[in-house]
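Chemist: what's the 3D shape of this:
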Amino acid sequence: MRGLAWVEASGNRFALHDALVQGALEGPAERARELAQHPRRPDGLVLLDRDRAGVLRMTIWNRDGSRPETCGNALRCVARWAVERGHARSGRPFTVRTDAGARRAEVGRDGRVRVSMGIGRRVAEHHFRLGGRRLTGIECDLGNPHLVLQAAAWEEGDVERLGPRLEREPRFARGINVEFVTVGREGLSARIWERGVGETEACGSGACAIALALAPTFPAQVHLRGGTLLVEREGRELWLTTPSGEGG
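Modeler: From the prediction side, this is the model:
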């Protein structure tokens, strides 16, 4: 579609509208739903503009037209885009506002991107009985809601079958993103069911939720279908990047 750029981080694909160059975008929710039928099938539509104070702002719409509070990999894409297009400077931290609050971003002169995901919280432990199975999940808040489930192994079809049911579970008023995690020799590995989208190759805030719920120490690597993400902790604040040598 005209006026949109295609950006990607760790397998998460987005259509990006730079309102600082292209001007306002009409009907973003409808556009996001239309993009769900596009051959590139992006995970969402991202809008970049500035707030009244002149601070960069990121807004996202999912495939179904819903508006999530934030997205870690979209934030990485926006940070890189902002530097490449001259809206921000490399080598200097800058702020990007999201519906979950202000987030800091850093883009190194080598192009590597590091973004803050704010102060994550473990909210509650939940127990489910689904299809004759007992499951325990840890609810985490990264500005957007996550449910981290752990099993020794997941059966074929579990993500597609359980993801939609848990996303719409009545106890989660805003819906919820679901992480299906296994712990093996390589550490934490997961598949992601994202509310309003379906299964995605990766999820930056989801990686932070997984680390918050299950990582014994920080920094923690989380292996997703689209690549490995590194979650660091500075005080109570979580930071997201990729391990050295794995790109931005």
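
Chemist: now do the most far-flung residue of the chain relative to its centre, the pLDDT please.
Modeler: Within the chain, the residue lying farthest from the chain centre (C-alpha atoms, centre = their mean) is residue 132, at 30.7 Å. pLDDT for residue 132: 83.

Chemist: quick one, domains of the chain?
Modeler: Using automatic domain parsing, the domain parsing of the chain gives 5-115, 121-241.

Chemist: what strands line up against the helix or strand hosting residue 190, and which way round?
Modeler: Using DSSP states H and E, residue 190 falls within strand 187-194. Sheet pairing of strand 187-194 (DSSP bridges) gives strand 177-184 (antiparallel), strand 198-200 (antiparallel), strand 220-224 (parallel).

Chemist: quick one: low-confidence parts of the chain?
Modeler: Scanning the chain for pLDDT under 70 picks out 1, 244-248.

Chemist: and residue 143, what does it touch?
Modeler: 69, 70, 98, 99, 100, 101, 117, 118, 205 (C-beta atoms under 8 Å, 6 or more residues apart in numbering). Any C-beta I mention is one placed from the backbone N, CA and C, and that applies to glycine too.

Chemist: now with 6 Å, please.
Modeler: Residue 143 makes contact with 69, 70, 100, 118 under the criterion C-beta atoms under 6 Å, 6 or more residues apart in numbering.

Chemist: any idea how far the third one is from residue 209?
Modeler: Read it as residue 100. To residue 209, residue 100 is 13 Å away according to C-beta to C-beta, to the nearest Å.
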